[in-house]
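# quick one: sequence and predicted model below, then my questions.
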Amino acid sequence: MLYLTPVNDLKLNIFEEINQSPNGPRSGVLKTRRGDVKTPTFMPDGTRGVVKSLTAEQVKSAGIDIVLANTFHLHIQPGEDVVAKLGGLHEFGKWQGPMLTDSGGFQVFSLSKLRKITEDGVTFKDPVTGDMRFISPEISMQIQLKLGADMIVAFDHLTGLDEESIKDTQEAFDRTHRWLERCIVEFKKLTKDMKPEERPLLFGVVQGGLDLSLREQSLKIIQDSEVDGIAIGGLSVGEPREEMYKVLNHLAPLYDPKRPRFLLGVGDPRDLRYAIEHGIDMLDCVLPTRNARHATVWVEGDKQIHLTNAQFIDDISPIDPGCDCYACVNNYSKGFLRHQFKVNEPLAGSLASIHNLRYLQRICESYRI
RNA sequence: GCAGAGUUAGUGAAGCGGUCAAACACAAGAGACUGUAAAUCUCUCGGCUUAUGCCUUCGAAGGUUCGAAUCCUUCACUCUGCA
């Protein structure tokens, strides 16, 4: 097929496998230009260049090693040129560890009412200003390189998995692969003067909806391409979790062991465990920080509690006595947090965010050797 | 003491003869959230354990009316002027 290209420019040894159970969980080391990271690893989303409500130190305190940022959001405001002038993504948000940028592909889905797709790319309407913005595979690569991310993602097309949207699965599948070709061409052009150790890592995105055959084909196409890592996209977009699990289960034995596998957008503890147990190395999600700002935290047993509930009004215990996060270790009580949430004190959301990030990263750590 | 204005569900505040258990906001209670248009959104919020049903409400007590939170009388408070 047109979009198959020989593997001849992969960075070698970016992933060192330490332990691998057949088709199951593995632990390893991901080598980036900004340091090595143990896997599996959870990577919080700092869409606008920071993990919402947290300083880099607070994120680090939760055991986090990699932070995401978003191409679409930083492109429309303040713009990649401004970020570059401010020193690049790392200096911008003071996160000195590895950073990964998402391509803007997810906004093709999440802003579906505000965008128009053509083969060339996607025209978005800025949700705030109404300005029209155009992102193509090439532009996404340019933005991500300019932002200075250590790992970047190919610009893909994903659709919802409800009855109406699922009809577009095949189209999104094909387009994602055509766009990957263009991403790779542009990426090589933009990085041709970089030394191998300076070059960021490129992740291609597997699509195919809930169709196992398409997923398998997509994975093959991605793995036959000159990408450093494999990203699994288009899941956790509202489908029953069993449907997502079927896809993850099907792909588990098919991954290239030499490359890191990144499941996009998964952050429910149960899903995190399932994914890791089916060979996923990296995951990102807004859930821990968004839920935390909404006063929902995870506790022992993957249960979630609502800190605003009346039952916690005079509860002197921390969120989870077994947790070693900053909030729990310092014994911020549920009663205190409930109160601060009730009066809209942002510190409550920050402390809960640290806790939820720690909760997910502890799950990841439990799978490391 | 005189003259005005007011008293509505936890709070603030609409309503000014029927379509009012009573808008709206806040507070309160519960829930949702998975590559962040999300410190957001949804539901409940007089009682009856749940209903196109019944009951009790709009400072208090009387009255007018087929019908009153809405009109009248008296009373009780509150606020603003003048003393």
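Ah, there it is.
# and the pLDDT for A:Met194?
At A:Met194, the model reports a pLDDT of 94.
# separation between it and RNA strand B?
23 Å (Cβ to the nearest atom of the strand, to the nearest Å). Just so you know, the C-beta spots here come from the backbone N, C-alpha and C atoms, and that holds for glycine as well.
# looks to me like A:Ala84 is in a helix.
Yes - membership of A:Ala84 in a helix is supported by DSSP: H, G, I helix; E, B strand; the rest coil.
# mind listing what the nearest residue to it once chain neighbours are set aside touches?
Nearest residue to A:Ala84 in three dimensions, chain neighbours excluded: A:Lys146, at 5.4 Å (Cβ to Cβ, 6 or more residues apart in numbering). By Cβ atoms under 8 Å, 6 or more residues apart in numbering, the contact list for A:Lys146 reads A:Glu80, A:Asp81, A:Val83, A:Ala84.
# tally of neighbours for the last one?
Read that as A:Ala84. 16 (other Cβ atoms under 10 Å).
# try A:Ile316
10.
# could you check the pLDDT of A:Leu347?
98.
# that one against A:Phe336, yeah?
No - counting by Cβ atoms under 8 Å, A:Leu347 does not reach A:Phe336; the two are 9.7 Å apart.
# what do those two both touch?
By Cβ under 8 Å, 6+ apart, no residue touches both A:Leu347 and A:Phe336.
# any part of stretch A:285-305 near RNA strand B?
Yes - using Cβ under 7 Å from any atom of the strand, stretch A:285-305 comes into contact with RNA strand B via A:Cys285, A:Val286, A:Leu287, A:Thr289, A:Arg290, A:Asn291, A:Arg293, A:His294, A:Ala295, A:Thr296, A:Gln304.
# how far does that stretch stretch from start to finish?
19 Å (Cα to Cα, to the nearest Å).
# in it, what counts as buried?
For stretch A:285-305, the buried set under the neighbour-count rule, 16 or more other Cβ atoms under 10 Å, comprises A:285-293, A:295-299, A:305.
# how much space between A:Lys167 and RNA strand B?
Where RNA strand B is concerned, A:Lys167 sits at a distance of 17 Å (Cβ to the nearest atom of the strand).
# thinking again about what came up before, narrow the residues of stretch A:285-305 next to RNA strand B to those in strands?
Secondary structure from DSSP state E places A:Cys285, A:Thr296, A:Gln304 of the residues of stretch A:285-305 next to RNA strand B in strands.
# quickly list what the second one is bridged to.
To tie it back to what came earlier, the one meant is A:Thr296. Taking DSSP bridges as the rule, A:Thr296 bridges to A:His306.
# residues in contact with it?
With Cβ under 8 Å, 6+ apart, A:Thr296 has these contacts: A:Gln304, A:Ile305, A:His306, A:Leu307, A:Ala352.
# export the residues you listed to a markdown table and append columns for pLDDT.
Formatted as a markdown table, the contacts of A:Thr296 follow (pLDDT from 0 to 100):
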| residue | pLDDT |
| --- | --- |
| A:Gln304 | 96 |
| A:Ile305 | 97 |
| A:His306 | 98 |
| A:Leu307 | 98 |
| A:Ala352 | 98 |
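# just to revisit the earlier point, now the residue nearest to A:Ala84, what's its secondary structure?
helix.
# on that earlier part again, compare A:Leu347 and A:Phe336 (neighbour count), which wins?
Here A:Leu347 and A:Phe336 are compared on neighbour count by other Cβ under 10 Å; more neighbours surround A:Phe336, at 20 against 14.
# so where is the stretch 101-250 of chain A shaky, pLDDT-wise?
Judged against pLDDT under 70, the stretch 101-250 of chain A has no low-scoring part.
# contact residues of it facing RNA strand B?
Close to RNA strand B, as judged by Cβ under 7 Å from any atom of the strand, the stretch 101-250 of chain A has residues A:102-103, A:105-107, A:109-111, A:113-114, A:127-128, A:153, A:156, A:158, A:205, A:231, A:233-234, A:236-238, A:241.
# just those residues: which are in helices?
Among these, DSSP state H puts A:Gly105, A:Phe106, A:Gln107, A:Phe109, A:Ser110, A:Arg241 in helices.
# nearest to A:Asn19, of these?
A:Arg241 (26.3 Å; Cβ to Cβ).
# out of everything not next to it in sequence, what's closest to the residue of the stretch 1-150 of chain A found nearest RNA strand B?
Nearest to RNA strand B in the stretch 1-150 of chain A, going by Cβ to the nearest atom of the strand, is A:Pro127, at a distance of 2.6 Å. Excluding its sequence neighbours, the residue lying closest to A:Pro127 (Cβ to Cβ, 6+ apart) is A:Leu114, at 6.1 Å.
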